[in-house]
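A.B. asks: sequence unknown, structure follows:
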C-alpha cells in the first residue's frame, strides 16, 4: 500500500511541468543497450521523460555490450565515445549502463528515478546562462543563440540531434533474449552546426538528414556542460 502511494506521488511529480521550465528544458542523456539486462527499468524512465515538456530525453545506444551475443541495432560507436568523453571530463575511470547524464554534467545510475528527479529540479532552478531557439523549414534548420551569463574565453558546440520518438526491438540473444522492447527518443543522427564564442548573439544553419524530430544543444566544447537546449519548431 505504501509503495503504491509513493509511486503514484512520484509519477505526479515527474510529469508536473512549469511554464518557465518548458522554456529552458533540462537535457537527460541515457546510455543504454539491448544487451544489458539492467537497462529496461531505465528505458522505461526514458518513456516518461519523453512525455515531458521541461525535459529533453535522449537515448544513446552504445556498442560495448554487443560482444555477449546480441548486436544492438540502434547502437553507434559515436555514442560510446561520447560516454567515454563525459567520463574523462568528469574525472571518472569507467563507463557503465544504464547511465544518465544531466545537462552534460552529473551522472546517475539510470534506474535511480528519485536521484534523477533531484538533479533535474536543481538544473531547473539554476539561473539561465544562454538562450537558444531553432526553426525548421523543410529539412533546413536555423539556430539563434543569445548569451545571458557565460564565462569568457570558452567555446560552445551547436549540436543538432535527430531522434526516433519510438523504436521496437525483438531481442533474440544475449541477456535479454526473448524480450520485445520499445525504446523512446532513440538518437539517430548527430551533427555540429558550428562553434559559438558565447559572447555575442549569433545564428547557425544546418541541414537535417531526414524528417525525424530534432533538438539543439549548446554545449561547451570537449563535452562540457550543456548551457541551453531547445526543440526544433
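C.D. replies: Received, thanks. Since the model is a prediction, treat every value here as computed from it, not as a measurement.
A.B. asks: separation between residue 38 and residue 106?
C.D. replies: Computed with C-beta to C-beta, to the nearest Å, the distance linking residue 38 and residue 106 is 20 Å. Just so you know, the C-beta spots here come from the backbone N, C-alpha and C atoms, and that holds for glycine as well.
A.B. asks: ugh, wrong one, I meant residue 23
C.D. replies: 22 Å.
A.B. asks: neighbour count winner among those two?
C.D. replies: residue 106 (16 against 13; other C-beta atoms under 10 Å).
A.B. asks: and the helix or strand containing residue 27, which strands flank it?
C.D. replies: Residue 27 is part of strand 26-32, with elements assigned from DSSP states H and E. Sheet pairing of strand 26-32 (DSSP bridges) gives strand 55-61 (parallel), strand 99-102 (antiparallel).
A.B. asks: how about the strands in the protein?
C.D. replies: Taking DSSP state E, the strands of the chain run over residues 26-32, 55-61, 99-102, 106-109, 130-137, 140-147, 156-170, 180-196, 202-207, 214-220, 226-231.
A.B. asks: next one: the spatially most central residue of the chain from residue 160, what distance?
C.D. replies: With distances taken as C-alpha atoms, centre = their mean, the residue of the chain nearest its centroid is residue 29 (2.9 Å). Taking C-beta to C-beta as the measure, residue 29 falls 15 Å from residue 160.
A.B. asks: in the chain, what spans have low per-residue confidence?
C.D. replies: Counting by pLDDT under 70, the chain contains low-confidence ranges at 1-22.
A.B. asks: isn't residue 85 right next to residue 223, touching?
C.D. replies: Yes. Because the distance of 4.1 Å satisfies C-beta atoms under 8 Å, residue 85 is recorded as touching residue 223.
A.B. asks: which of those two has more neighbours?
C.D. replies: Set side by side, residue 85 and residue 223 show more neighbours around residue 223, with 20 against 15, by other C-beta under 10 Å.
A.B. asks: now the more buried one: how far from residue 233?
C.D. replies: 26 Å.
A.B. asks: mind listing what's buried along the strand holding residue 27?
C.D. replies: Within strand 26-32, the residues scored as buried using 16 or more other C-beta atoms under 10 Å are 26-32.
A.B. asks: and stretch 100-115, by the same measure?
C.D. replies: So, applying 16+ other C-beta under 10 Å, buried residues of stretch 100-115: 100-108, 110-113.
A.B. asks: likewise for stretch 147-158?
C.D. replies: Neighbour counts using 16+ other C-beta under 10 Å place 147, 150, 156-158 of stretch 147-158 among the buried residues.
A.B. asks: and stretch 189-205, by the same measure?
C.D. replies: For stretch 189-205, burial by neighbour count (16+ other C-beta under 10 Å) applies to 190, 193-194, 196, 198, 202, 204.
A.B. asks: stretch 137-148 now?
C.D. replies: 141, 143, 145, 147.
A.B. asks: OK, contacts around residue 95?
C.D. replies: By C-beta atoms under 8 Å, 6 or more residues apart in numbering, the contact set of residue 95 is 31, 62, 64, 80, 83-84, 87.
A.B. asks: tell me the contacts of the residue nearest to the centre of the chain?
C.D. replies: So residue 29 contacts 58, 60, 82, 100-101, 104 (C-beta under 8 Å, 6+ apart).
A.B. asks: can I get those in a markdown table with distance to residue 42?
C.D. replies: Formatted as a markdown table, these follow (distance: C-beta to C-beta, whole Å):
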| residue | distance to residue 42 |
| --- | --- |
| 58 | 13 |
| 60 | 12 |
| 82 | 17 |
| 100 | 7 |
| 101 | 12 |
| 104 | 18 |
